[in-house]
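Colleague: Requesting a structural model of the entry that follows:
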Amino acid sequence: MAERKVMVGQRVRRLRRERGLTQAQMAERLGVSTSYLNLIERNQRPVTVQFLLKLGQVFDIDLQRFAADDEARVFALLSEVFSDPLYARHEIGTQDIRDMAASSPGLGEAVFVLYRAYRELLANNMGAAEGLSNRRPDAGTAFAPFPGEEAQDTFQSSDNYFGTLEAAAERLWAEAKLDKDALEDSLRHHLERNLAIKVKVLPHDVMDDTVRRFDRHGRRILLSEVLTPAERTFQLAYQVGLLSLTEAIDSIAEEATPPTPEARRILRIGLANYLAGAIVMPYDRMLEAARTLRYDIDRLTQRFQASVEQVAYRLTTLQRPGAKGIPLFFVRIDCAGNVSRRYSAAGFHFARFGGLCPRWGIHRAFRTPGETRAEVVQMPDGATYFTVARLVERPGAGHAMPSQQFVVALGCDIAQAGQMIYADRVALGSAMPTTPIGVNCRLCDRLDCNRRAFPPLNRRLVIDENHLGFAPYFFT
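Modeller: Okay, the predicted model is just below:
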């Protein structure tokens with residue numbers, strides 16, 4: 001059997017840029033020619049085992065994850081694309097998709113970008129048609145892309161780790177002499193002493209529907225009284241990052257080059273939130289605490305005076321080369337099942353369109369406030385993951401504006417589960433109870449599912465008025 005060619009050009013290029021190296025500098029450290037490295041980065045030359053071993057030795061990276069991540073991610077994206085009935089007549093099989101993901105991940109991503117544009121255009125057309133059919137034409141209807149998705153791609157392509165922002169947060173701690181035992185007070189002191197900005201907490205009836213606002217002319221940061229102490233600290237860290245560390249944020253945003261002004265602004269907000277997390281939970285201390293406490297979210301919230309969601313998301317960013325935590329994926333849903341935040345890692349795939357699998361116990365966390373629910377789930381391809389889910393609540397403002405409830409979930413490959421304290425409740429091994437799930441109903445081929453909300457995209461329905469089963473649909 002011929003040896004499979006390994007194409008990892010995109011990841012090599014990303015690694016080089018993360019380390020701030022030119023092609024010539026990286027080639028010199030690896031002992032290869034610049035032209036050879038250039039061919040590898042453009043996927044015009046497969047990498048050899050010797051090259052990968054040298055890459056792992058020089059840059060201290062996990063080679064198995066390095067070589068597999070792009071292929072698994074692009075395969076998941078293309079699986080979603082080619083499940084669309086649009087391609088039903090083309091007989092594109094799983095092996096065809098795997099071959100494309102393995103040989104040309106860049107081309108696969110380009111195909112997905114085109115498909116996403118098609119879906120957005122289709123959705124906007126349907127919205128415009130609905131408005132016209134209801135005799136409410138909207139003159140401002142436009143085929144706008146989803147800027148949040150465009151910004152999120154930057155986080156996904158960077159493995160949710162930004163060394164520039166981590167370094168900026170560490171410099172701030174040293175320069176501002178922040179105090180871990182009184183972080184909110186020391187952030188206030190830094191704002192007043194070094195930036196001439198005062199912080200004021202105001203009643204909700206004054207702030208109305210705003211929880212934080214920076215008043216440039218008055219040189220004030222206004223915070224709503226509805227924020228918890230942990231949220232106040234995080235919002236101050238966010239504003240400090242925007243004001244003091246703008247260059248670090250802008251350097252990443254400019255290199256990412258989001259295609260629209262809206263996407264650029266959303267990306268900057270996302271980077272500022274990342275930076276706030278790095279300030280509140282400094283990398284080295286957070287990684288050490290996560291390992292010592294075995295990713296116990298409650299104890300980490302106590303140690304860093306942060307919220308459950310802040311801690312959960314920060315755990316996904318612990319991917320510094322040479323000092324990595326568990327590769328974790330993250331998702332946040334509301335009570336209607338809408339996904340409002342996500343990050344995919346360890347090969348786990350979230351659909352860009354539609355919700356989550358109804359079999360996944362993440363939904364049941366709404367019924368168990370205060371409890372962290374542990375579960376082992378398995379995808380149709382056999383990939384198995386350990387997940388934990390927790391209900392979180394954002395404070396409201398009295399009877400007129402009730403609190404918001406979300407469920408946040410973290411997960412990792414089952415091989416990493418033993419590092420998390422929640423796995424102690426689960427019998428890991430061949431006899432462990434496993435929940436079979438899919439990406440979502442439209443992309444799942446599990447034909448025996450009685451919780452299915454929609455038929456799969458790539459199956460034709462069988463309608464039989466004399467046949468009723470536990471599952472709501474029958475397919476060819």
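
Colleague: Could you pull up phi and psi at residue 336?
Modeller: Phi and psi for residue 336, reported as degrees, to the nearest 10, are phi -90, psi 0.

Colleague: what about residue 339, distance to residue 262?
Modeller: The gap separating residue 339 from residue 262 is 19 Å, by CB to CB, to the nearest Å. In short, each C-beta sits where N, CA and C put it, glycine included.

Colleague: where do the helices sit along the stretch 51-200 of the chain?
Modeller: Ranges of helices in the stretch 51-200 of the chain, per DSSP state H, counting those that start in this stretch, are 63-82, 94-103, 105-133, 147-157, 163-176, 183-195.

Colleague: and the fourth one, which residues are buried?
Modeller: In other words, helix 147-157. Across helix 147-157, burial judged by 16 or more other CB atoms under 10 Å covers 147-148, 150-155.

Colleague: ok so, going back, could you dump the helices of the stretch 51-200 of the chain into CSV with mean pLDDT added?
Modeller: Below are the helices of the stretch 51-200 of the chain laid out as CSV (pLDDT from 0 to 100):
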stretch, mean pLDDT
helix 63-82, 70
helix 94-103, 78
helix 105-133, 67
helix 147-157, 78
helix 163-176, 95
helix 183-195, 95
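
Colleague: quick revisit: want to try JSON lines for the buried residues of helix 147-157, with distance to residue 441 as columns?
Modeller: What follows is the buried residues of helix 147-157, written out as JSON lines (distance: CB to CB, whole Å):
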{"residue": "147", "distance to residue 441": "27"}
{"residue": "148", "distance to residue 441": "23"}
{"residue": "150", "distance to residue 441": "26"}
{"residue": "151", "distance to residue 441": "27"}
{"residue": "152", "distance to residue 441": "22"}
{"residue": "153", "distance to residue 441": "24"}
{"residue": "154", "distance to residue 441": "29"}
{"residue": "155", "distance to residue 441": "26"}
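
Colleague: Quick check: the farthest pair among those residues?
Modeller: 147 and 155 (13.6 Å; CB to CB).

Colleague: can you give me phi and psi for the residue most central in space within the chain?
Modeller: Geometric centre of the chain, nearest residue: residue 343, 1.5 Å, by CA atoms, centre = their mean. Per-residue torsions, residue 343: phi -150, psi 130 (degrees, to the nearest 10).

Colleague: what's the answer for residue 385, then?
Modeller: phi -130, psi 150.

Colleague: separation between it and residue 155?
Modeller: Taking CB to CB, one finds residue 385 at 20 Å from residue 155.

Colleague: In terms of residue numbering, what are the domains of the chain?
Modeller: The chain breaks down into these domains under automatic domain parsing: 9-111, 163-280, 329-438.

Colleague: With distance to residue 291 as new columns, can those domains be given to me in TSV?
Modeller: Formatted as TSV, those follow (distance: least, CB to CB, whole Å):
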stretch	distance to residue 291
domain 9-111	16
domain 163-280	17
domain 329-438	8
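
Colleague: least reliable of those domains going by mean pLDDT?
Modeller: Note on the domains of the chain: lowest mean pLDDT is at domain 9-111, with a mean of 79.

Colleague: measure that domain end to end?
Modeller: 17 Å (CA to CA, to the nearest Å).

Colleague: Kindly report the same for stretch 349-369.
Modeller: End-to-end distance (CA to CA), stretch 349-369: 26 Å.

Colleague: Contacts only, for residue 293.
Modeller: By CB atoms under 8 Å, 6 or more residues apart in numbering, the contact list for residue 293 reads 299-300, 303, 421.

Colleague: of all the residues you listed, which two lie farthest apart?
Modeller: Spatial extent of the contacts of residue 293 (CB to CB) is set by the pair 303 and 421 at 14.2 Å.

Colleague: Please enumerate the strands of the protein.
Modeller: All strands of the chain, identified by DSSP state E, fall at 198-202, 212-215, 220-224, 319-320, 323-324, 329-334, 339-343, 373-378, 384-394, 404-413, 435-436.

Colleague: Put the alpha carbons of the first one into CSV.
Modeller: Read it as strand 198-202. What follows is strand 198-202 as a C-alpha-only set of coordinates in CSV (Å, rounded to 0.1, in the frame of the first residue of the first chain):
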residue,chain,number,x,y,z
LYS,A,198,-12.3,57.1,37.3
VAL,A,199,-14.6,54.2,37.8
LYS,A,200,-18.2,54.7,39.0
VAL,A,201,-20.9,52.1,39.8
LEU,A,202,-24.4,53.5,39.0
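
Colleague: Next, the angle from it to helix 183-195.
Modeller: Per axes from the mean of the first three to the mean of the last three CA atoms, to 10 degrees, the angle that strand 198-202 makes with helix 183-195 is 130 degrees.

Colleague: now the angle between strand 220-224 and strand 198-202, please.
Modeller: Going by the same axes, to 10 degrees, strand 198-202 makes 30 degrees with strand 220-224.

Colleague: Output the contacting helices and strands for strand 198-202.
Modeller: helix 183-195, strand 220-224 (3 or more CB pairs under 8 Å, 6 or more residues apart in numbering; DSSP states H and E).

Colleague: Figure out which of these is closest to residue 118.
Modeller: Among these, the nearest to residue 118 by CB to CB is strand 220-224 (41.3 Å).

Colleague: what about residue 176, how many neighbours?
Modeller: Burial measure for residue 176: 18 neighbouring residues, criterion other CB atoms under 10 Å.

Colleague: can you tell me how far it sits from residue 304?
Modeller: 17 Å.

Colleague: Which residue comes closest to the residue nearest to the centre of the chain once chain neighbours are left out?
Modeller: Closest residue to residue 343 apart from its sequence neighbours, by CB to CB, 6 or more residues apart in numbering: residue 330 at 4.6 Å.

Colleague: can I assume that neighbour is in contact with residue 390?
Modeller: No. Counting by CB atoms under 8 Å, residue 330 sits too far from residue 390 to count as a contact (11.6 Å).

Colleague: shared neighbours of those two, anything?
Modeller: Common neighbours of residue 330 and residue 390 (criterion: CB under 8 Å, 6+ apart): 312, 408-409.

Colleague: As TSV, the residues you listed with distance to residue 74 and neighbour count would be great.
Modeller: Formatted as TSV, those follow (distance: CB to CB, whole Å; neighbours: other CB atoms under 10 Å):
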residue	distance to residue 74	neighbour count
312	26	25
408	26	24
409	24	25
